[in-house]
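[1] Show me how the following folds:
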Amino acid sequence: MKLSFHGGVRGVTGSCYLLQTSKAKILIDCGMFQGERLCGKQNFEEFNFDPTEIDAVLISHAHYDHTGRVPLLIKKGFSGKIFATPPTKSLSQYILADAVSVMEMNAEKCGDEVLYDQADVKTMLERVFGVNYHTEFELAPGLKAMFHDAGHILGSAYISLDISADETADGKPARLVFSGDIGNDDVPILPSTEPIHNADYVICESTYGDRDHVSTSERLDTLKDITRRVIERGGTLIIPAFSIERTQELIYALDTMFEAGDLPDVPIYLDSPLAIRATQVYRDFKHYLKFDRPIFSSSDHDFFTFPRLKETLSVDDSKTINNNNGSKIIIAGSGMMTGGRVLHHLKLYLSGEKNGVLIIGYQAENTLGRKIEEGVKNVSIYGDEIPVRAEIQKMDSFSAHGDREKLRKWLQSGKDKARKIFLVHGDQVVKTGFRDFLAEEINSEIIIPEFEQVFEL
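    Numbering: from 1, shown residues only. Model (predicted):
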C-alpha cells in the first residue's frame, strides 16, 4: 500500500491524505488551505491525484480545513461515497454553506474567485453516510475503517484503518491511525479523547506540539481578568471565535461565571450565524456531550443560553450591536479573522485604547489574526488602514487542540509502540520541535513528510 500527503504538511490547514491499496484509493479529509483570505491561490490548484479515481472519502470532523475542498472534489469528478459521524454531517452543512457565503462576499468586496456554490455543497451532503463511533465498515476487500472519539469538537474522530496482510510491504496485517485533530484535556463539554489501543502507523497532528496549555482554572481566571478590565474602563471586548467548539465552550464558561455572579452585568452578543446554528446542532446531539456540572438544573435549564446573551442571526441584528455605546462583549466569527462579521467589529473597535481583543485559538501564518497576535501597529481591513490600540490578550488554553503533553500521552496510549509516526498539521518549526520532544519519549521512527511525498508501507 502507498500513503501520500496532499495537504496539512506546509502549515496547519488543508488536511488531505491518500491511502492506496491494490483494490481502492481512499482519501482521508480534503480541507481548505486557509490564509489571509478564505480562497487562497493554493485552493485553485489542481489536485495532485485524479478525483475520478478516488473510491471513498473519510472525514475526521467538520472543520473547514478538513472538509472545505470536498465539494470541489465532487466538481472535479469524484463520484464515490463519503463517510463521517452523524454530528459531523450536520455541522458540515452549516460550515460549508457559510464558507460559500464568505467566498461570495470576498468575491464582491475583493475580487476573489468562488470555488463552488451551494448546489455543490448540497450534492456533497447527499453522498455523506453517517457512521457512529466504534462501528466497523468495509471500504474495499482487505480494508476496514472505524471512527473513534477524538474529543476535539462535537462528532470529531480519529480514524483507524485495518489493512490485510496481502496489501502490506512486509506481508503482515497493519493498522493506520489518522488523528484528525486531537482535543484538549479537561474540556467541560466533551468526552476525553479515546486511547489508540494499537497502531502500526500514526498520522498525528502537531498544531500545539511545541507547548503545554495552562490549567482550566487558570484559563477561567484569565477570562475573568480581561473581561473585567475591559468592562471596568467602559470598553468593548471582541472575541474572534471559531464557530465550532471554541464558541460553545466559551459560552458555557461565561454561563458558569454568570451563574456564580463572577462577571459584571453587561450584554454579550453572539454575532455569528454559523456559531448560532452550530450551537443548535450541539443541542440536537447533546447525548454526545459530557458536562462538568448539573447544567440542566441551572436556572435557565439550558447549557448554551443565559439572560445576557443576545444572538444576532441577521445582518440587521448585527448592525444594532453598534447602537449600544456602553461596555459589551462581542463574540464573532471568524476565529483567524480572515472573514466574517468580526472584521466589521475590528474595524470599528481595534483603534480604541479602552477596548480589548481576546484571541482564543490558533492563528495560522499570514492571517490577520496572526498579525494582530504578533503585535503589528496597523492592519488593513477592507482596504482601510486601522491602528491597533486595543489591548490584545492571547489564550491558547481555549484551543480545541491538545497540547504537546496531551499528544504524547495519546501516542503512547497503545499497547504496542507504532512503527512510524508522521507529523502533520503544524508549522514547520513546531513539527521539528515536537519531533525532537517525541524522540526523547517514544521509541518510534518519527517522520515529517513533505508535500506530495509517497511512502510504501
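[2] which residues of the stretch 351-457 of the chain fall in helices?
    With DSSP state H, counting those that start in this stretch as the criterion, the stretch 351-457 of the chain has helices at 368-373, 404-411, 428-439.
[3] Figure out which of those helices is closest to Ala56.
    helix 404-411 (25.6 Å; C-beta to C-beta). Just so you know, the C-beta spots here come from the backbone N, C-alpha and C atoms, and that holds for glycine as well.
[4] And the contacts of stretch 243-251?
    62-63, 91, 95, 98, 152-154, 187-190, 239, 241, 270, 272, 274-275, 278-279, 282, 304, 309, 331, 333-335, 360-361, 398-400 (C-beta atoms under 8 Å, 6 or more residues apart in numbering).
[5] quick one on the thing from earlier: just put the helices of the stretch 351-457 of the chain in CSV and tack on mean pLDDT.
    Converted to CSV, the helices of the stretch 351-457 of the chain look like this (pLDDT from 0 to 100):
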stretch, mean pLDDT
helix 368-373, 92
helix 404-411, 95
helix 428-439, 95
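[6] could I get the ones you listed as TSV with distance to Lys76 and mean neighbour count?
    Shown next, in TSV, are the helices of the stretch 351-457 of the chain (distance: least, C-beta to C-beta, whole Å; neighbours: other C-beta atoms under 10 Å):
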stretch	distance to Lys76	mean neighbour count
helix 368-373	30	20
helix 404-411	33	20
helix 428-439	29	17
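[7] Distance to Met124 added to those, as a markdown table?
    Below are the helices of the stretch 351-457 of the chain laid out as a markdown table (distance: least, C-beta to C-beta, whole Å):
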| stretch | distance to Met124 |
| --- | --- |
| helix 368-373 | 28 |
| helix 404-411 | 30 |
| helix 428-439 | 30 |
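[8] mind checking which of those helices is nearest Leu139?
    Counting by C-beta to C-beta, Leu139 lies closest to helix 404-411 out of these; the figure is 24.2 Å.
[9] Show me the shaky parts of the stretch 301-450 of the chain.
    The stretch 301-450 of the chain contains residues with pLDDT under 70 at 301-303, 397.
[10] In it, mark out all the strands, start to finish.
    309-311, 328-332, 356-359, 378-381, 384-387, 391-394, 420-424, 445-447 (DSSP state E, counting those that start in this stretch).
[11] all helices of the stretch 51-200 of the chain, in order?
    Assigned by DSSP H, counting those that start in this stretch, the stretch 51-200 of the chain shows helices spanning 64-67, 70-75, 86-110, 118-126.
[12] Could you export the shortest one as PDB, keeping only the C-alpha atoms?
    Okay, so that is helix 64-67. C-alpha atoms of helix 64-67 as PDB (Å, rounded to 0.1, in the frame of the first residue of the first chain):
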ATOM      1  CA  TYR A  64     -13.300  23.800   7.200                       C
ATOM      2  CA  ASP A  65      -9.600  22.900   6.900                       C
ATOM      3  CA  HIS A  66     -10.700  19.200   6.900                       C
ATOM      4  CA  THR A  67     -13.900  19.400   4.800                       C
END
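[13] got the strands of the stretch 301-450 of the chain as CSV, with distance to Tyr288 and mean neighbour count columns?
    CSV is the format used below for the strands of the stretch 301-450 of the chain (distance: least, C-beta to C-beta, whole Å; neighbours: other C-beta under 10 Å):
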stretch, distance to Tyr288, mean neighbour count
strand 309-311, 22, 16
strand 328-332, 23, 25
strand 356-359, 27, 24
strand 378-381, 37, 14
strand 384-387, 40, 11
strand 391-394, 30, 18
strand 420-424, 26, 23
strand 445-447, 32, 16
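[14] and Ser160, how far is that from Phe178?
    Distance of Ser160 to Phe178, given as C-beta to C-beta, to the nearest Å: 8 Å.
[15] So for those two, which residue has more residues nearby?
    Neighbours per residue, other C-beta atoms under 10 Å: of Ser160 and Phe178, the larger number sits with Phe178, 27 against 20.
[16] hang on, the more buried one packs against Tyr158?
    Yes. Applying C-beta atoms under 8 Å, one finds Phe178 in contact with Tyr158, separated by 6.4 Å.
[17] list residues touching both of these two?
    With C-beta under 8 Å, 6+ apart as the test, Phe178 and Tyr158 both reach Ser60.
[18] returning to what we had before: which one of the helices of the stretch 51-200 of the chain has the poorest average confidence?
    Note on these: lowest mean pLDDT is at helix 86-110, with a mean of 87.
[19] what is the orientation angle of it with helix 118-126?
    If you take axes from the mean of the first three to the mean of the last three C-alpha atoms, to 10 degrees, helix 86-110 sits at 170 degrees to helix 118-126.
[20] list the contacts for the nearest residue to Gly14 once chain neighbours are set aside?
    Once flanking residues are discounted, Gly14 sits nearest to Gly7: 3.5 Å by C-beta to C-beta, 6 or more residues apart in numbering. Contact partners of Gly7, counting by C-beta under 8 Å, 6+ apart, are 13-17, 29-31, 33, 451.
[21] By neighbours, which of those residues wins?
    Scoring the contacts of Gly7 on neighbours with other C-beta under 10 Å, the highest-scoring entry is Ser15 at 33 neighbours.
[22] Do I have it right that that residue meets Met32?
    No. Ser15 is beyond contact range of Met32, at 9.4 Å (criterion: C-beta under 8 Å).
[23] what is in contact with those two at once?
    Asp65.
[24] And stretch 112-124, what's buried?
    Across stretch 112-124, burial judged by 16 or more other C-beta atoms under 10 Å covers 112, 115-116, 120-121, 124.
[25] is it possible to export those residues to JSON lines including distance to Glu53?
    Output for the buried residues of stretch 112-124, formatted as JSON lines (distance: C-beta to C-beta, whole Å):
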{"residue": "Asp112", "distance to Glu53": "30"}
{"residue": "Leu115", "distance to Glu53": "21"}
{"residue": "Tyr116", "distance to Glu53": "20"}
{"residue": "Asp120", "distance to Glu53": "20"}
{"residue": "Val121", "distance to Glu53": "23"}
{"residue": "Met124", "distance to Glu53": "18"}
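[26] circling back: and Ile203, which of the helices of the stretch 351-457 of the chain is closest to it?
    Nearest to Ile203, of those and by C-beta to C-beta, is helix 404-411 at 11.2 Å.
[27] Please name the residues that touch Ile421.
    Contacts of Ile421 (C-beta under 8 Å, 6+ apart): 201-202, 204, 411, 438, 442, 444-447.
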